[in-house]
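Asker: Sequence and predicted structure, then a few things I'm wondering about:
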Amino acid sequence: MTTADYTEKIPNNVDLHEDRRLQRALESWQPNFLNWWESMGPRLPTQEVYLRTAVNVGREGWAHFDHVAMRDYRWGIFLAERDRDRRIAFGQHKGEPVWQKVPGEYRADLQRLIVIQGDTEPASVEQQRNLGATAPSLYDLRNLFQVNVEEGRHLWAMVYLLHAYFGREGREEAEELLHRNSGSEDAPRILGAFNEETPDWLSFFMFTYFTDRDGKYQLGTLKESAFDPLSRTCEFMLKEESHHMFVGTTGIDRVVERTVQLMIEHDTDEVGPRGGIPLTVIQKYLNFHYSVSLDLFGSETSTNVANYFTSGLKGRWLEERRRDDHRLTGEAIMVDAVTDEGDIGQTEVAALVGLNTDLRREYIGDCQNGVNRWNKILDSAGLPQRLRLPHVAFNRKVGAFAGIEAAPDGTPISAEEWARRKSGWLPTDLDKTHVRSLMRPVHERGKIAAWIAPPRQGINGKPFDYDYVHLA
Ligand SMILES: [Fe+2]
Ligand SMILES: [Fe+2]
């Protein structure tokens, strides 16, 4: 079992000391990363945070918990164990041994895929940097910081690949990852959802539920890659990612739970004046975060993605569990489309060009699980209201539906009707102001804000009232 070497400046399980040039290059990137963390990372001053640090990539014991100063968090480079018999599972090279080096003809495409993934990791840290000041509890504050340090580590993961396999261009891209910033006018992050604000904790939970989950699906396709170092990197990142989605899922559970309590206690849907977040506002936030996250999957059809698949760069979600020939050359898939009559419908395309749709469908199915879970909370309380995922055509800026407007139920509507009704579907300034007004910090051990229920369990077997964060 490969245990990370923590005696090194950069903890790693890739024998970094054996490659002096690479080690020096990464060691010279490290202070730039730390400067970025200081200027763009969490703003709330803290002394120590109860954090999980990866010490081992094996099945057990890869996570070590301790109180650490965040700046001293050991960001490192961890790849999942190498499987020496691993073979390419799909595309034209199916059955051949996986690649340990980047084939020249795929270099530009692989670099692009890694840069796009890498760009999202620090972006979310930037988006979340002010949230500490309004954390509803120390438990939540700790979870926020855990997500932040791990997104920082995911940046390290991508930067390692760029430095180790893409030469001077890779090193330049690694610098750029620190120079672009979320929401910046001159140098924004590459993808739209990563330039949106995360101004309050309801947004944070929605982001970790819907947008981190997009990350899970993207990483899942890269984990299938024929480029083995990328595959192994993503496999390990996915383990950390699942905690981020846990934060989102249970965060929204707890908001819904509290809203339900207030609705029953005061026999009203208008829980705003009672210090809660109305279900209608939760639904609007859900509509927003879900629809911008769907945009991250790109267009319904894409020849680039078809080529990535055929050449082995990017597979499908759970590729090896698919029961087909894994080449898809003669197959077809139905994808969402606007028909010639302007209706919202579907059209048949070659399976290879429809792979974005295939991935998005997997994602949507997964998103629905959360909605079902939140609806169970409503159901058990005997309330008739339900939360819903809006239709894929709702509020889209990318793909087939970018040019039209649709209601959350998928009815096409005119631009005028959209303008008139959208305040009922997406958070308004008034909604956001109300949510923000609830965001008063609760930084006292064992206490929790009034708009959210406490968690059922603490972290790593610790109680809810544990001293998860030592504030400065
Ligand atoms: Fe990540
Ligand atoms: Fe994440």
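Answerer: Ah, there it is. In this text the structure is predicted, and so the values were computed from the model without any measurement. Ligands and ions are numbered 1, 2, ... in the order given.
Asker: make it CA atoms for all contacts and neighbour counts henceforth
Answerer: Fine.
Asker: neighbouring contacts of stretch 445-464?
Answerer: 65, 136-139, 250, 254-259, 275-277, 438, 440-442, 465-467 (Cα atoms under 8 Å, 6 or more residues apart in numbering).
Asker: Please enumerate the strands of the stretch 251-400 of the chain.
Answerer: Remark: strands assigned in the stretch 251-400 of the chain by DSSP state E, counting those that start in this stretch are 332-338, 344-350.
Asker: most residues in a single helix of this structure, which one?
Answerer: As assigned by DSSP state H, the longest helix anywhere in the chain is helix 228-266.
Asker: Buried residues, it. List them.
Answerer: Of the residues in helix 228-266, 228-238, 240-241, 243-245, 247-263 count as buried by neighbour count, 16 or more other Cα atoms under 10 Å.
Asker: Around ligand 2, which positions in the stretch 151-300 of the chain sit nearby?
Answerer: Proximity of the stretch 151-300 of the chain to ligand 2 (Cα under 5 Å from the ion) is limited to residues 212, 241.
Asker: So which residues of the stretch 151-300 of the chain form helices?
Answerer: 167-179, 201-206, 212-223, 228-266, 279-295 (DSSP state H, counting those that start in this stretch).
Asker: just the stretch 1-150 of the chain next, same as before
Answerer: 20-40, 107-127, 138-165.
Asker: The first one to helix 167-179, inter-axis angle?
Answerer: For helix 20-40 against helix 167-179, the angle between stretch directions is 10 degrees (axes from the mean of the first three to the mean of the last three Cα atoms, to 10 degrees).
Asker: for the second one, same thing?
Answerer: Regarding helix 107-127 and helix 167-179, their directions subtend 20 degrees when assessed with the same axes, to 10 degrees.
Asker: Who are the packing partners of helix 107-127?
Answerer: If you count contacts as 3 or more Cα pairs under 8 Å, 6 or more residues apart in numbering; DSSP states H and E, helix 107-127 packs onto helix 138-165, helix 167-179.
Asker: Dump those to a markdown table, plus mean pLDDT and mean neighbour count.
Answerer: Shown next, in a markdown table, are these (pLDDT from 0 to 100; neighbours: other Cα atoms under 10 Å):
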| stretch | mean pLDDT | mean neighbour count |
| --- | --- | --- |
| helix 138-165 | 98 | 24 |
| helix 167-179 | 98 | 17 |
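Asker: Need those helices in CSV (columns: distance to Ala80).
Answerer: Output for the helices and strands packed on helix 107-127, formatted as CSV (distance: least, Cα to Cα, whole Å):
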stretch, distance to Ala80
helix 138-165, 12
helix 167-179, 22
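Asker: Looking at the ones you listed, spot the one closest to Glu126.
Answerer: With Cα to Cα as the measure, helix 138-165 is the member of the helices and strands packed on helix 107-127 nearest Glu126 (8.9 Å).
Asker: how far out from the middle of the chain is the closest one?
Answerer: 11 Å (Cα atoms, centre = their mean, to the nearest Å).
Asker: Between helix 107-127 and it, find me the angle.
Answerer: Using the same axes, to 10 degrees: helix 138-165 against helix 107-127 is 160 degrees.
Asker: In the longest strand along the chain, which residues are buried?
Answerer: As assigned by DSSP state E, the longest strand anywhere in the chain is strand 46-54. By neighbour count on 16+ other Cα under 10 Å, the buried set for strand 46-54 is 48-54.
Asker: what's in contact with the lowest-mean-pLDDT helix or strand in the chain?
Answerer: Within the chain, no helix or strand scores below strand 63-68, which has a mean of 90 by mean pLDDT, DSSP states H and E. Residues from elsewhere that reach strand 63-68 (Cα under 8 Å, 6+ apart): 47-56, 460, 468.
Asker: And the furthest pair within the residues you listed?
Answerer: Greatest spacing in the contacts of strand 63-68, by Cα to Cα: Gln47 and Asn56 (25.5 Å).
Asker: Any figure for the gap between the closest residue to Ala402 other than its chain neighbours and Ala337?
Answerer: Spatial nearest neighbour of Ala402, excluding adjacent residues (Cα to Cα, 6 or more residues apart in numbering): Arg396 at 5.1 Å. Distance, Arg396 to Ala337, by Cα to Cα, to the nearest Å: 12 Å.
Asker: Pick out whichever of these two has more residues nearby.
Answerer: Each of Arg396 and Ala337 has its neighbours counted (other Cα atoms under 10 Å); Arg396 has more, 22 against 19.
Asker: tell me, how many neighbours does the nearest residue to Asp409 once chain neighbours are set aside end up with?
Answerer: Excluding its sequence neighbours, the residue lying closest to Asp409 (Cα to Cα, 6+ apart) is His391, at 5.5 Å. Residues near His391, counting by other Cα under 10 Å, number 17.
Asker: and His391, what does it touch?
Answerer: Contacts of His391 (Cα under 8 Å, 6+ apart): 407-410.
Asker: how about it, phi and psi?
Answerer: phi -60, psi 150 (degrees, to the nearest 10).
Asker: try the one 3 residues further on
Answerer: Backbone torsions of Phe394, given as degrees, to the nearest 10, read phi -70, psi 130.
Asker: before we move on, what about Ile404?
Answerer: When read as degrees, to the nearest 10, the backbone of Ile404 gives phi -120, psi 170.
Asker: measure the residue nearest to it when sequence neighbours are not counted to Lys94 for me?
Answerer: Among residues not flanking Ile404 along the chain, Pro412 sits closest, at 7.3 Å (Cα to Cα, 6+ apart). Distance, Pro412 to Lys94, by Cα to Cα: 42 Å.
Asker: And for Thr46?
Answerer: 50 Å.
Asker: Give me the contact list for the strand or helix carrying His434.
Answerer: For His434, the host element (DSSP states H and E) is helix 429-438. Residues outside helix 429-438 that contact it (Cα under 8 Å, 6+ apart): 199-200, 202, 272, 275-277, 281, 451.
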